[in-house]
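1. I'll drop the sequence and a predicted model, then ask my questions.
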Amino acid sequence: MAIRDRLTDGSVQLTPSDLKIARALLADYPAAGLNTVSHLAALAGVSGPTVVRFVSRLGFDGFPDFQKALLGEVQARMNSPLAMIDAGKAAAVPQEQMYREVIRSCVTMLETTSGMVPAADFETAARLVTDPALRLHFIGGRFSGYLAGMLWQHLRQLRTDCHMVSGNLPDRVDSLIDIGRRDLIVAFDYRRYQVDTIQFVTAATERGAQVILFTDPWASPLAANAKVVIAAPVEGPSPFDTMVPALAQIEALIAAITMRLSATSRARIAEIEALRSLSGITDDQPAKIPKKAPRGADQAGE
C-alpha cells in the first residue's frame with residue numbers, strides 16, 4: 001500500500017503533530033518526503049525527532065527506510081503506462097479536443113484530491129460542523145465565496161446557528177463583537193490569498209474561534225492557526241484555478257454531515273419544506289410527460 005493511502009485511510013492513529021507532518025507530505029507528495037528530516041520538520045512546523053517518530057509509527061525502521069519506500073513509489077509511477085502517456089501528451093490542446101481534455105483533467109485532479117486529506121482531519125471537520133454547541137460562520141474570497149455559500153445553504157437546512165459572513169466590510173467587522181469560543185469559522189482561501197478574508201478569520205481566532213480551512217496545496221496563511229486544513233489541487237488546463245476538487249470535498253463533507261445529523265435534521269427539513277410550500281417557493285407539481293405525436297403526424301401534408 002502506498003504511503004499516501006496509509007495516511008488517508010484511517011488505518012494509522014496519528015497524533016496532532018503527526019497530522020501536521022501528514023498534511024505537509026500530502027500537500028507536496030512525494031517530494032516533501034524526499035529531502036532531509038529537518039526540511040520535512042520545517043515544512044510541518046515540528047521537530048526533527050517528531051518526524052523520526054512519525055515514520056516509525058508508519059512501520060519504517062528509520063527515515064532512510066521511509067525514503068526508500070517513497071522512491072519505490074516514484075519509480076513505479078515513472079514506469080506506468082499512464083505516466084508514459086502523460087509524458088508524450090501535446091503541450092497545446094486542439095480546440096476540438098478541449099472539452100474532453102478538461103473533463104479528463106478534472107477526473108485526474110479528483111483522483112489526486114482523494115488522497116490529499118488525512119481521514120482524521122475529515123472526521124474532525126464533520127464532527128465540528130455538527131456540534132450543536134458551536135455557531136458556524138462561513139466566509140470565502142472572490143470566487144471561493146461561492147463554495148462557502150453553497151456549504152452554508154446546505155448546512156442551514158440541517159442545523160441551527162449557521163451564518164454567512166457579510167461581504168460588507170463594516171458589517172463584517174461589527175460581527176466580530178459576538179464571536180468567541182463558541183464559534184467555528186469555515187473559511188475558503190485559495191491563491192491568491194484574499195487579504196480581507198485573512199484579516200477577518202485572524203481576528204476571529206484571536207477572540208477564541210476555531211477554524212476549518214479549505215485551501216490549496218501551498219496553504220493560505222490561515223493554515224497556521226486552523227484546527228483542520230483541507231487542501232485541494234487548483235491547477236487546471238485553463239489560466240484560471242479550478243474549483244472542481246474543492247467542490248467535490250464540499251459534497252463529501254455534506255454527505256458526512258447529513259449522515260451524522262440524520263436523527264435530528266429530518267424534522268427540521270420537513271418544517272422548511274412546509275414553509276416553502278406555503279410561500280410557493282418551488283414548483284412541486286409532477287413533471288408532465290409530453291404526449292406522443294400521432295404516428296405519421298410528422299409527415300402531414302405529404
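-> Thanks, I have the structure now. Keep in mind it's a predicted model, so treat the numbers as computed, not measured.
2. sec struct for residue 230, please.
-> strand (DSSP: H, G, I helix; E, B strand; the rest coil).
3. touching, it and residue 121? I think so.
-> Yes: using Cβ atoms under 8 Å, residue 230 and residue 121 qualify as a contacting pair, with a distance of 6.6 Å. C-betas here are computed from N, CA, C, even on glycine.
4. surely residue 240 is within a strand?
-> No: per three-state DSSP, residue 240 lies outside any strand segment and is coil.
5. what's the neighbour count on it?
-> Using other Cβ atoms under 10 Å, residue 240 has 9 neighbouring residues.
6. likewise for residue 270?
-> Using other Cβ under 10 Å, residue 270 is surrounded by 10 other residues.
7. can you tell me how far it is from residue 264?
-> 12 Å (Cβ to Cβ, to the nearest Å).
8. element containing residue 184?
-> Here residue 184, judged by DSSP states H and E, is contained in strand 183-188.
9. and that strand, how far out from the chain's middle?
-> Centroid separation between strand 183-188 and its chain, computed with Cα atoms, centre = their mean, to the nearest Å, is 13 Å.
10. next: stretch 107-117.
-> Offset of stretch 107-117 from its chain centre (Cα atoms, centre = their mean): 10 Å.
11. in it, what's buried?
-> 109-110, 112-113, 116-117 (16 or more other Cβ atoms under 10 Å).
12. save these as a markdown table, and put in secondary structure and distance to residue 8 too.
-> Below are those laid out as a markdown table (DSSP: H, G, I helix; E, B strand; the rest coil; distance: Cβ to Cβ, whole Å):
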| residue | secondary structure | distance to residue 8 |
| --- | --- | --- |
| 109 | helix | 16 |
| 110 | helix | 14 |
| 112 | helix | 11 |
| 113 | helix | 10 |
| 116 | coil | 8 |
| 117 | coil | 6 |
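13. separation between the residue nearest in space to the middle of the chain and residue 171?
-> The centre of the chain sits closest to residue 249, judged by Cα atoms, centre = their mean, with a distance of 4.0 Å. Distance of residue 249 to residue 171, given as Cβ to Cβ: 28 Å.
14. same question for residue 280.
-> Remark: distance between residue 280 and residue 171 (Cβ to Cβ) = 30 Å.
15. where does this structure have low pLDDT?
-> Along the chain, segments meeting pLDDT under 70 span 76-93, 287-288, 290-302.
16. now do residue 106 against residue 51, distance only.
-> Taking Cβ to Cβ, one finds residue 106 at 34 Å from residue 51.
17. neighbour count winner among those two?
-> The neighbour count for residue 106 versus residue 51, taken as other Cβ under 10 Å, is higher for residue 51 (27 against 16).
18. give me phi/psi at that one?
-> phi -60, psi -40 (degrees, to the nearest 10).
19. list the contacts of it.
-> 21, 37, 40-41, 44, 63 (Cβ atoms under 8 Å, 6 or more residues apart in numbering).
20. ChimeraX command to pick out the buried ones of the residues you listed?
-> The buried residues among those can be selected in ChimeraX (16+ other Cβ under 10 Å) with this line:
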select :21,37,40,41,44,63
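21. what's the closest of the contacts of residue 51 to residue 177?
-> Each of those was checked against residue 177 using Cβ to Cβ; the closest is residue 44, at 35.1 Å.
22. measure the closest one to residue 60 for me?
-> 17 Å.
23. got it, and residue 6?
-> Distance of residue 6 to residue 60, given as Cβ to Cβ: 11 Å.
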